[in-house]
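Trainee: Here is a sequence with its predicted model. Questions after.
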Number of protein chains: 2
Amino acid sequence: MKELNLQNIRQQLDVMDAQLTELFEKRMELCREVAEYKIHTGKPVYDSTREKQKLEAVTALAHSDFTRKGTYELFSQIMTISRRLQYGLLAAHGQAMDMGFTMVEDLKRENVRIAYQGVEGSYGHGAALQYFGREADVYHVKTMEDAMVEVEEGRADYCILPIENSSAGAVSDNYDLLVKHDVYIVAETELPVSHALLGLPEASLEDIRTVYSHPQALMQSSRYLNSHRDWKQISTVNTAVAAKKVAEEKNISQAAVASPAAGELYGLKALETSINHNKNNVTRFIILSRIPVYKKGSSKVSICFEGAHRSGSLYNMLGNLIYNDINMLMIESRPIPGRSWEYRFFVDAQGSLSDAAIQNALKGISEEAVSLRILGNY
Amino acid sequence: MKELNLQNIRQQLDVMDAQLTELFEKRMELCREVAEYKIHTGKPVYDSTREKQKLEAVTALAHSDFTRKGTYELFSQIMTISRRLQYGLLAAHGQAMDMGFTMVEDLKRENVRIAYQGVEGSYGHGAALQYFGREADVYHVKTMEDAMVEVEEGRADYCILPIENSSAGAVSDNYDLLVKHDVYIVAETELPVSHALLGLPEASLEDIRTVYSHPQALMQSSRYLNSHRDWKQISTVNTAVAAKKVAEEKNISQAAVASPAAGELYGLKALETSINHNKNNVTRFIILSRIPVYKKGSSKVSICFEGAHRSGSLYNMLGNLIYNDINMLMIESRPIPGRSWEYRFFVDAQGSLSDAAIQNALKGISEEAVSLRILGNY
């Protein structure tokens, strides 16, 4: 075959592609008419039986295994785009899908109580003051789960929890808790993290034998800490708890890894500052409410879903996001407790619950997943 | 609009869809001709400039924002299918893409040395014997990274490392290490995990004050351990190290969480058995080699990629898998050390490096990602 022939084939491809585009546009025009019919009669956009029949009909037209599979994929894509058009029109007619969330102009911030986990001086405390202001009515509880229960049972309006660290990754346990409790993410805030090694005022580095801190803080400072091979590292539930312990036990050989703020609060001396090896260390906190609301202009949707336990399930779930041209910001898979090698997926996607593409994707996922939960839009 | 009209529209849609299918098949026929030309001239299948021009040309034909976007998505899908066809033909002509891996009939198992992390009686030891047999030449090293270095530097033929637990999730640190070292996953094995609380032969439950174990084992047994609020939990690098420590220190108040096998080895008594709350607790171990080979019939490909730090990047990366109809078994995102909110993605996908769809997807990802590494096919 000559270069000339390739030219010729490419010209034929161009003609064909123009025809494909024209047909696609005409098809979308017809879909618009179907949508208008559905809007007037209140019929649902997603008709899985009809979509399945359509896929069977078109694949039956193809002549090889390869094009049958290709046709199937092509029409899956076309029907997703069609559905997105229809959801968009429904939204324009004020018939947006009910996601169970209400849009608000702003979050309630007056006369609110905020629970955080840990003790005074913890990073959670710092994040609460950063987001709600120095004068906010904040109080602390013992565990992350306790903080959620405070919100769930109405004693707090909000709670604030760490969900991800820029160097250590997801705070996995909190992902599991989000599924367990009826709370919704309504906002987030990022807190820069800088760990200090805190000892008693009279201590010096040579005195230290034991270091207390939260496992994540120990991990984030592991290069520094492991250079002192003789130091014993002991986990505490919180960095500030470690600082408090060192202050109270008055043992010169003990130190804590915590924030300089915690050091000041408990009267400890910084034996070293900024001992975390990643200097751009930032923790992202989420703010939870028991009321499913989202602020106007919110741009991140967090969802959690369980795929059916069969081949192709994750492919199908994520396909709903990809085919709807939705940008995923983060994805986490977590094993489902008590079931081997079955996962729950946590996805952060760009968009708002009022977007047709998001509605379309969520509708698609909810049809195919064992379960789907919208964790929040913020 | 009447029901009759909907019928009419649907008939029009059916006609249109038949035309679309016909055009699609014709287009694939032309693509086959292009592929044959490329096979004879040695030209690459993926021509990003031409694909970009094509997308610009077809979207320019569309008449609304909505159909422009739809056309873009439709042709992205069509071009992916076209490319897959061409890679398939190349493979059929013995011109498969060079992935740097060699297919082998079986792994070398005679006269091999295997490194595992921990001490005798650890789960890693158990997994090594399970995979390579009771008579295998296994030895232990101190850290997971040491085990990889043994392989990298040729002192061991293989090493075996835990990568995921059915109840606690990924062993994240090992994902990071996989990127750092020149080793390849060549096999995997699943080991059932059942933790016992091990004490000195003369100890009883009431004596226990301190419990030692690996953080994952502590986490997996947290319900049982937390019901004894006065027990102090201390992390060790390995469950068997904890057992050894308890045996050596001969302090009646100390216990370890480890396997019954470790208890036998170190002469400890099981004060409780099966204390992990998830009774289907299984750990998946991977076997690493410094030679990039894959066994014939391998069905799982593990890859790692870094997306470009821009909007839509994860969407584009995963799109390569979705558009190629590849089933993802697992996905993990890990922050890239030193860079805030930038991630590395670890994906396990179903398939073999000799599949056209896998080659197409990997080629696509490597074109778009900052980096792509094939961790193994097994």
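Mentor: Thanks, I have it.
Trainee: ok, which stretches of the stretch 101-250 of chain A are helices?
Mentor: A:123-132, A:144-152, A:172-180, A:215-220, A:222-226, A:239-249 (DSSP state H, counting those that start in this stretch).
Trainee: Reformat the ones you listed into TSV and put mean pLDDT, distance to A:Pro192 and mean neighbour count next to each item.
Mentor: To be clear about C-beta, it is placed using only N, CA and C from the backbone, and glycine gets the same treatment. Compiled in TSV, these are given as follows (pLDDT from 0 to 100; distance: least, C-beta to C-beta, whole Å; neighbours: other C-beta atoms under 10 Å in any protein chain shown):
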stretch	mean pLDDT	distance to A:Pro192	mean neighbour count
helix A:123-132	93	9	23
helix A:144-152	95	21	21
helix A:172-180	88	20	18
helix A:215-220	81	12	22
helix A:222-226	88	18	15
helix A:239-249	94	14	23
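Trainee: now those as a markdown table including distance to chain B?
Mentor: A markdown table is the format used below for the helices of the stretch 101-250 of chain A (distance: least, C-beta to the nearest C-beta, whole Å):
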| stretch | distance to chain B |
| --- | --- |
| helix A:123-132 | 16 |
| helix A:144-152 | 12 |
| helix A:172-180 | 6 |
| helix A:215-220 | 6 |
| helix A:222-226 | 10 |
| helix A:239-249 | 12 |
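Trainee: so A:Cys304 touches A:Leu375, yeah?
Mentor: Yes - at 5.8 Å, A:Cys304 counts as touching A:Leu375 under the criterion of C-beta atoms under 8 Å.
Trainee: now A:Ile287, nearest residue through space, not along the chain?
Mentor: The shortest distance from A:Ile287 to any non-neighbouring residue, by C-beta to C-beta, 6 or more residues apart in numbering or on different chains, is to A:Ala187 (4.1 Å).
Trainee: next one: A:Gln12
Mentor: Using C-beta to C-beta, 6+ apart, the closest residue to A:Gln12 is B:Leu30 (5.9 Å).
Trainee: which other helices and strands contact the helix or strand encompassing the one you found?
Mentor: Using DSSP states H and E, B:Leu30 maps to helix B:3-41. Judged by 3 or more C-beta pairs under 8 Å, 6 or more residues apart in numbering or on different chains; DSSP states H and E, helix B:3-41 is in contact with helix A:3-41, helix A:48-61, helix A:65-92, helix B:65-92.
Trainee: can those helices go into a markdown table with extra columns for distance to A:Asp106, mean pLDDT and mean neighbour count?
Mentor: Shown next, in a markdown table, are those (distance: least, C-beta to C-beta, whole Å; pLDDT from 0 to 100; neighbours: other C-beta atoms under 10 Å in any protein chain shown):
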| stretch | distance to A:Asp106 | mean pLDDT | mean neighbour count |
| --- | --- | --- | --- |
| helix A:3-41 | 32 | 90 | 16 |
| helix A:48-61 | 39 | 91 | 14 |
| helix A:65-92 | 22 | 85 | 20 |
| helix B:65-92 | 30 | 85 | 20 |
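Trainee: okay, these in a markdown table with distance to B:Val183 next?
Mentor: As requested, the helices and strands packed on helix B:3-41 are exported to a markdown table (distance: least, C-beta to C-beta, whole Å):
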| stretch | distance to B:Val183 |
| --- | --- |
| helix A:3-41 | 43 |
| helix A:48-61 | 43 |
| helix A:65-92 | 35 |
| helix B:65-92 | 27 |
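Trainee: coming back round to it: list residues touching both of A:Cys304 and A:Leu375?
Mentor: A:178, A:346 (C-beta atoms under 8 Å, 6 or more residues apart in numbering or on different chains).
Trainee: wait, what's in contact with the residue in the stretch 101-250 of chain A positioned nearest to chain B?
Mentor: Nearest residue of the stretch 101-250 of chain A to chain B: A:Ser166, at 4.1 Å (C-beta to the nearest C-beta). By C-beta under 8 Å, 6+ apart, the contact list for A:Ser166 reads A:278, A:280-284, B:335, B:339-341.
Trainee: any idea how far the nearest residue to A:Leu13 once chain neighbours are set aside lies from A:Arg229?
Mentor: The shortest distance from A:Leu13 to any non-neighbouring residue, by C-beta to C-beta, 6+ apart, is to B:Leu30 (5.5 Å). For B:Leu30, the distance to A:Arg229 equals 67 Å [C-beta to C-beta, to the nearest Å].
Trainee: Please read off the pLDDT at the residue nearest to the spatial centre of chain A from the model.
Mentor: Centroid-nearest residue in chain A, with C-alpha atoms, centre = their mean: A:Asp348, separated by 3.7 Å. pLDDT recorded at A:Asp348 is 92.
Trainee: which parts of the stretch 251-378 of chain A sit against chain B?
Mentor: A:277-278, A:280, A:282, A:311-312, A:314-315, A:318-319, A:321-323, A:325-335, A:337-341, A:343, A:345, A:350 (C-beta under 8 Å from any C-beta of the partner chain).
Trainee: just the buried members of the residues you listed?
Mentor: Buried members of those, counted by 16 or more other C-beta atoms under 10 Å in any protein chain shown: A:277-278, A:314-315, A:318-319, A:321-323, A:325-335, A:337, A:340, A:343, A:345, A:350.
Trainee: Can you pull the domain assignment for chain A?
Mentor: A:1-95, A:103-193+A:282-294, A:196-272, A:297-378 (automatic domain parsing).
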